[in-house]
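K.L.:
okay, here's the prediction I keep looking at, along with the sequence it came from:
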Amino acid sequence: MDVVRIIPVALSSPDPACAIQFGRGRGPSDAKVTFMKWLTIVVPVLCLIGGFVDEFFPLPFSNKEFGIMENLTVLFLALSILILLFRGFRGFGKMRPLDRMVLIVLLLGSIYFLGEEISWGQHFFGFHTPEGYRELNYQGETNLHNLGGELNKKLFDRLPRLIVGIGVFFSGIIFPFIPNKLPEWIRRYVPGKDVVFTSILAVGISLPSKVYRMITGVKDGFDAGEAKEMYIALFILLFCLAFLRMLKKERQNSVSVPN
């Protein structure tokens with residue numbers, strides 16, 4: 001099924017109950033919309049299974065560089081950027097100031113995440129890292145998050161991860177269950193309960209390894225980094241869909257209100 005064709009349908013879903021409640025599967029269009037809803041369950045589960053299978057069989061799954069999970073991360077982020085660019089700026093001048101800020105932060109954050117994930121195109125085009133920069137980057141790549149030095153690690157790697165982790169935890173796990181207790185300016189950005197499963201995996205996929213290492217002092221060999229990044233990228237895509245659906249609904253409501 002063509003995911004690019006599904007996304008516009010998801011954005012125009014008639015269901016007002018929640019920005020990411022994509023439909024009931026009553027017709028051809030609704031079938032595509034329902035697929036997007038199941039994407040929040042099927043893709044995370046398949047990738048979770050793939051991650052464990054990869055520990056025992058030499059398959060091109062999750063924990064390998066340039067494997068399936070890394071490519072899914074790139075796909076989800078690229079889709080997020082495309083829908084933000086082509087649909088997010090409609091009526092930009094009439095948006096609330098906070099909506100404009102959220103849109104710009106989502107776009108710039110997705111571009112940074114994608115750029116760093118593919119070393120700003122180096123993974124695909126194979127260009128060489130400049131010699132001076134190669135000496136600063138401990139993996140010899142054209143990116144920022146692998147730069148040596150404690151300040152660089154904090155600024156370009158740990159801080160973005162911390163901000164995204166906090167955002168996923170609250171907007172994807174906590175807030176969907178307490179929308180009525182939130183102020184309106186926060187509630188309108190809560191994507192809904194459909195993202196909870198993906199959010200839990202994004203936040204918790206690395207916890208078992210950390211607990212094991214804390215108890216035994218031995219690393220268990222399972223690197224959840226690629227899986228965590230993939231789930232975060234999927235959450236970003238789902239959040240973007242919910243955010244743009246909310247903006248579209250508000251535009252429609254403003255047009256339908258008589259002067």
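P.N.:
Looks like it arrived, so ask away. Numbering: from 1, shown residues only.

K.L.:
from now on I want contacts and neighbour counts done on CA atoms only, so please keep to that.
P.N.:
OK.

K.L.:
all strands of the stretch 51-200 of the chain, in order?
P.N.:
For the stretch 51-200 of the chain, strands defined by DSSP state E, counting those that start in this stretch do not occur.

K.L.:
helices of that one, start to end?
P.N.:
68-87, 97-117, 122-125, 131-136, 150-153, 159-169, 184-187, 196-204 (DSSP state H, counting those that start in this stretch).

K.L.:
tilt between the longest one and helix 68-87?
P.N.:
Helix 97-117 and helix 68-87 are oriented at 140 degrees to each other (axes from the mean of the first three to the mean of the last three CA atoms, to 10 degrees).

K.L.:
list the buried residues for helix 97-117?
P.N.:
With burial defined by 16 or more other CA atoms under 10 Å, the residues of helix 97-117 counted as buried are 99-100, 103-104, 106-107, 109-117.

K.L.:
show me where the stretch 151-259 of the chain dips below the pLDDT cut-off.
P.N.:
Applying pLDDT under 70 to the stretch 151-259 of the chain flags residues 218-223, 255-259.

K.L.:
coming back round to it: to Arg245, which of the helices of the stretch 51-200 of the chain lies closest?
P.N.:
helix 68-87 (9.9 Å; CA to CA).

K.L.:
how far does the closest one sit from the chain's center?
P.N.:
How far helix 68-87 lies from its chain's middle: 8 Å, per CA atoms, centre = their mean, to the nearest Å.

K.L.:
alpha carbons only: can I get that helix in PDB?
P.N.:
C-alpha atoms of helix 68-87 as PDB (Å, rounded to 0.1, in the frame of the first residue of the first chain):
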ATOM      1  CA  ILE A  68      16.100  -2.300   8.400                       C
ATOM      2  CA  MET A  69      15.500  -0.200  11.600                       C
ATOM      3  CA  GLU A  70      17.900   2.500  10.600                       C
ATOM      4  CA  ASN A  71      16.300   2.700   7.200                       C
ATOM      5  CA  LEU A  72      12.800   2.900   8.800                       C
ATOM      6  CA  THR A  73      14.100   5.700  11.000                       C
ATOM      7  CA  VAL A  74      15.100   7.600   7.800                       C
ATOM      8  CA  LEU A  75      11.800   6.800   6.100                       C
ATOM      9  CA  PHE A  76       9.700   8.100   9.100                       C
ATOM     10  CA  LEU A  77      11.700  11.200   9.400                       C
ATOM     11  CA  ALA A  78      11.600  11.900   5.700                       C
ATOM     12  CA  LEU A  79       7.800  11.500   5.600                       C
ATOM     13  CA  SER A  80       7.500  13.900   8.600                       C
ATOM     14  CA  ILE A  81       9.600  16.500   6.900                       C
ATOM     15  CA  LEU A  82       7.600  16.200   3.600                       C
ATOM     16  CA  ILE A  83       4.200  16.500   5.200                       C
ATOM     17  CA  LEU A  84       5.300  19.400   7.300                       C
ATOM     18  CA  LEU A  85       6.800  21.200   4.300                       C
ATOM     19  CA  PHE A  86       3.900  20.600   1.900                       C
ATOM     20  CA  ARG A  87       0.900  20.700   4.400                       C
END
